[in-house]
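Visitor: Just the structure for this:
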Amino acid sequence: MVQKSAGQGEMAGAPATDEESFAGNVLTTATVPAHQRRAYWREALSRTFGAVDMSVPREVNSGTIRTAPLGRLQVTTVDGGPLEARRTPRLIAQGAEEQYVVVKLLSKGDARLEQDNRDVALRQGEVFIYDLARPVRLILGDCFQTKSLVVPRQVLGLSESDLRHITASPLRSGTALGELLSTCLARLADEAGTYRAHTGESIARNVVDILTVLADERLGRISTGTPSGDAALLLRIRAFIGRHLEDPDLSPKSIAHAHHISVRYLHKLFEREGTTVSRWIQSRRLEACLRDLGRRENTGLTVAAVARRWGFTSAAHFSRVFRAAYGVSPSEWRDVHRPESALPSQATPRTFPEKVFV
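Guide: Just a heads-up that it's a prediction; the model follows:
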């Protein structure tokens, strides 16, 4: 049976990471006798990859999988030898992972990916995306390492048509978007499990924003080349908002001042996205309150205290906007949402299934 731990030593052949400081789950062959490693590794991959046909060599020398939750997202690092994974229409119909999109950095080795009638060779340092709602085939070569972010489709916010433009279409390491995305992914994976919740989620949101820019670029909505101008500025502003949600004085004026632009220009940036600065801030704060109200360690906090923590100065106003967004009051949502129970459909998408193909 696969063992989970958060404190096993560094495995032979793995990169120099400190497993003992990693706060997520670790599956590793390091402590498994050689004759048991293949069975162990197949089961570890099955737990991680979910509804997929998996092929591994007869002899497995080493392998490690590290996973950590990040709100509704999940970060995974895999080190191992050659394998092939196929997600077929039959397995898609059987599994529960179709609501997720995987953003993956190939930080070591080479690979091949097939999806949406594209068959691409992948090199070290490249980032690629695939959609679990459609058939996909992934082949990883000898001594590979991948760092992945699993994103619910609703968080990504791209239409089916837009998403098809970025799957199996790698970002080369020499491009500006590729460098930006690979840096964010590498940081998330290397430091996963050590962040305060809202810090990690803020960084993860940057990855989501970059993917949106990528889709716009591929669809010709912004100029190709570098993610400059308004698109890059908007990424920085959203990241700034994420870092300052707890500040009740966060406002369009303070945001514009921090980025050396006018308030009018700031409003124009968000208007092009179909929203306003205030709505964006309120939405991010509501998401943070929703998470905190459902956490076991926060059961002693009042609703008003959670609201204040995330910048809401009026408990009455917070209750009104929470109900408008999720269909229930904060107290009703917290009463229903116990740590072992499922989220109400009005509130947020369901949490990760036991197996997620990453």
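Visitor: His165: neighbour count?
Guide: Using other CB atoms under 10 Å, His165 has 17 other residues around it. C-betas here are computed from N, CA, C, even on glycine.
Visitor: where are the low-confidence patches of the chain?
Guide: 1-24, 157, 193, 195-206, 219-229, 232, 296-297, 337-358 (pLDDT under 70).
Visitor: Now do the helices in it.
Guide: Taking DSSP state H, the helices of the chain run over residues 37-49, 89-94, 153-156, 160-164, 176-191, 197-218, 229-243, 252-258, 263-271, 277-293, 303-309, 315-326, 330-336.
Visitor: can you put these in CSV and add distance to Ala111?
Guide: Below are the helices of the chain laid out as CSV (distance: least, CB to CB, whole Å):
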stretch, distance to Ala111
helix 37-49, 14
helix 89-94, 20
helix 153-156, 22
helix 160-164, 20
helix 176-191, 14
helix 197-218, 19
helix 229-243, 27
helix 252-258, 40
helix 263-271, 37
helix 277-293, 33
helix 303-309, 42
helix 315-326, 40
helix 330-336, 42
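Visitor: and of the ones you listed, who's closest to Arg134?
Guide: Of all the helices of the chain, it is helix 89-94 that lies closest to Arg134, at 7.4 Å by CB to CB.
Visitor: what's next to that closest one, contact-wise?
Guide: Under the contact criterion CB atoms under 8 Å, 6 or more residues apart in numbering, helix 89-94 has outside partners Ala51, Val52, Asp53, Glu98, Leu132, Ala133, Arg134, Pro135.
Visitor: now the residues you listed as TSV including neighbour count?
Guide: Putting the contacts of helix 89-94 into TSV (neighbours: other CB atoms under 10 Å) gives the following:
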residue	neighbour count
Ala51	21
Val52	23
Asp53	13
Glu98	15
Leu132	25
Ala133	16
Arg134	16
Pro135	17
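Visitor: can I get those in TSV with distance to Ser331?
Guide: Converted to TSV, the contacts of helix 89-94 look like this (distance: CB to CB, whole Å):
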residue	distance to Ser331
Ala51	37
Val52	41
Asp53	46
Glu98	33
Leu132	35
Ala133	36
Arg134	41
Pro135	44
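Visitor: Buried residues, stretch 67-85. List them.
Guide: Of all the residues in stretch 67-85, those buried under the rule 16 or more other CB atoms under 10 Å are 67-83, 85.
Visitor: Can you give me the first-to-last residue distance of that stretch?
Guide: Using CA to CA, to the nearest Å, the end-to-end distance of stretch 67-85 comes to 18 Å.
Visitor: Next: stretch 30-43.
Guide: Start-to-end, stretch 30-43 (CA to CA) is 15 Å.
Visitor: which residues touch Cys289?
Guide: Going by CB under 8 Å, 6+ apart, Cys289 touches Val306, Ala307, Arg309, Trp310, Phe312, Phe318, Phe322, Pro330.
Visitor: For Leu185, see how far away it is.
Guide: Distance of Cys289 to Leu185, given as CB to CB, to the nearest Å: 27 Å.
Visitor: Would you quantify the distance from Leu138 to Arg72?
Guide: Going from Leu138 to Arg72 by CB to CB gives 23 Å.
Visitor: I misspoke; the intended subject was Ala215.
Guide: Counting by CB to CB, the gap from Ala215 to Arg72 is 20 Å.
Visitor: do the same with Gly300
Guide: Separation of Gly300 from Arg72 (CB to CB): 24 Å.
Visitor: And Leu245, by the same measure?
Guide: On the measure of CB to CB, Leu245 and Arg72 end up 16 Å apart.
Visitor: do the same with Asp131
Guide: Asp131 is 17 Å from Arg72, by CB to CB.
Visitor: show me what contacts Ala189?
Guide: Arg66, Val75, Thr76, Thr77, Leu105, Lys147, Ser148, Leu149.
Visitor: Please flag which of these sit within strands.
Guide: Arg66, Val75, Thr76, Thr77, Leu105, Lys147, Ser148, Leu149 (DSSP state E).
Visitor: which residues sit in contact with the fifth one?
Guide: This means Leu105. Gly125, Glu126, Val127, Thr146, Lys147, Ser148, Leu181, Ser182, Leu185, Ala186, Ala189.
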